[in-house]
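1. Predicted coordinates and the sequence they were generated for:
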Amino acid sequence: MKEAWYRIILAGGDQPALVVAPGAHLGAALDVALARAARGQERWPVAAELATAGDVPLGESVGRGVVVARDAPAEVPAWRWPSGIVPTPDGARRLGAPRDGYVVHRHDAGAALEAVVAGDRVVEVFMQLVEELPSADNIEVRVAGHHGDAGISEVWLTPRLGDVRKVIRFLDDHDVELLGNGHVEVAVYVRAERATLRLTEHKRIVWVAADDEVLARGEAWLAARGVPPLDAIADLTTVDHHHYRPGKSLPRKKLLERLHRMRLRRVDSWPDPPVADDRAGADDGAAPDAAAP
């Protein structure tokens, strides 16, 4: 499998660092960059993009698999993105420093709240909200078309679970593949309340409710965890960014095989619209979304 080289900006430590690292996909390159640049310090990726020919080290550096660390651009915000998504450097500068919080969207059929939470805490808060659910029926897993560059999105559904504890166990057992994967979206259905709790492919928590009483319950759950209401939240979809899978996660084909073995059934699929992509050799990991200018 051909590797690609990535320019990765890491925050934390004594000062931000720009690291050029190889990987079969962006998640693998992030692991290389963090292993080489962290050196006992807490660091996290704040931006990434494909490296140019002039960035890639030659000779001994390539032979030893050594990454190249340089001073990072100071204007890139040091906000910690959840596993699975990261903006490009230009996207990060355009978006600015996000804040944890949620907004409410109203529509004819009801309303939804949408929350942004930094870093690994988004999974923690999502799982805490699952624990708050009065009941749970099914888990839906949507595997996006940019996973493996397949161009086909697929929706898989668990058998009826009927028990919040079973939902929690399922998600805990597969958190890396499902919750930390930027190619995957997970939803929990609560039919009795006509509500859905979702962790999107952009790692936003969404609570969809048919009435204001159910919506208010979700707001109270978030407030209890220090996630406040905001007038607006940072929208990663408005800037160029990448979706990636964790370095040790499964490629698309094996993930779909695992879903089948877990007795999920495919209930829908559709072709994704084409996305311009010049990622030579970047296998199934760094799918950039081109935002509108």
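-> That came through fine.
2. hey, let's count contacts and neighbours off CA atoms from now on
-> Fine.
3. Tell me which helix or strand comes right after the helix-or-strand element of the chain with minimal mean pLDDT.
-> Across the helices and strands of the chain, mean pLDDT, DSSP states H and E gives its lowest value to helix 60-63, namely a mean of 44. Under the assignment DSSP states H and E, the closest C-terminal helix or strand after helix 60-63 is strand 68-71.
4. which helices and strands sit right next to that next one?
-> Under the contact definition 3 or more Cα pairs under 8 Å, 6 or more residues apart in numbering; DSSP states H and E, strand 68-71 sits against strand 17-23.
5. Can I get the strand it packs on in CSV, CA atoms only?
-> These are the backbone C-alpha positions of strand 17-23, laid out as CSV (Å, rounded to 0.1, in the frame of the first residue of the first chain):
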residue,chain,number,x,y,z
ALA,A,17,5.1,22.2,15.8
LEU,A,18,4.8,21.5,12.1
VAL,A,19,5.5,17.8,11.3
VAL,A,20,5.8,16.2,8.0
ALA,A,21,4.8,12.5,8.4
PRO,A,22,4.0,9.5,6.2
GLY,A,23,1.1,7.2,6.4
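6. so whichever helix or strand comes after it versus strand 17-23, what angle?
-> Following strand 17-23 in sequence order, the next helix or strand is helix 26-37 (DSSP H and E). Angle of helix 26-37 versus strand 17-23, following axes from the mean of the first three to the mean of the last three Cα atoms, to 10 degrees, is 130 degrees.
7. For helix 26-37, which helices and strands make contact with it?
-> strand 4-12, strand 17-23, strand 43-50.
8. how about 7 Å then?
-> strand 17-23 (3 or more Cα pairs under 7 Å, 6 or more residues apart in numbering; DSSP states H and E).
9. And for the strand it packs on, what's in contact with it?
-> By Cα atoms under 7 Å, 6 or more residues apart in numbering, the residues outside strand 17-23 that reach it are 3-11, 29, 32-33, 55-56, 67-72.
10. List the neighbouring strands of it plus their orientation.
-> Using DSSP bridges, the strands paired with strand 17-23 are strand 4-12 (antiparallel), strand 68-71 (antiparallel).
11. Identify whichever of those strands lies nearest to Ala232.
-> Checking the strands paired with strand 17-23 against Ala232 by Cα to Cα gives strand 4-12 as the closest, at 24.8 Å.
12. In PDB, list the C-alpha atoms belonging to that closest one.
-> The C-alpha trace of strand 4-12 is given here as PDB (Å, rounded to 0.1, in the frame of the first residue of the first chain):
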ATOM      1  CA  ALA A   4       1.400   9.600   1.400                       C
ATOM      2  CA  TRP A   5       3.100  12.400   3.200                       C
ATOM      3  CA  TYR A   6       1.100  15.000   5.300                       C
ATOM      4  CA  ARG A   7       1.900  18.300   6.800                       C
ATOM      5  CA  ILE A   8       0.400  18.200  10.300                       C
ATOM      6  CA  ILE A   9       0.300  21.100  12.800                       C
ATOM      7  CA  LEU A  10       0.400  19.900  16.400                       C
ATOM      8  CA  ALA A  11      -0.600  22.100  19.400                       C
ATOM      9  CA  GLY A  12       0.500  21.600  23.000                       C
END
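13. which residues touch that strand?
-> 16-24, 29, 42-51, 56, 72, 78, 281-282.
14. And the residues you listed, which of them are buried?
-> With burial judged by 16 or more other Cα atoms under 10 Å, the buried subset of those is 16-24, 29, 43-51, 56, 72, 78, 282.
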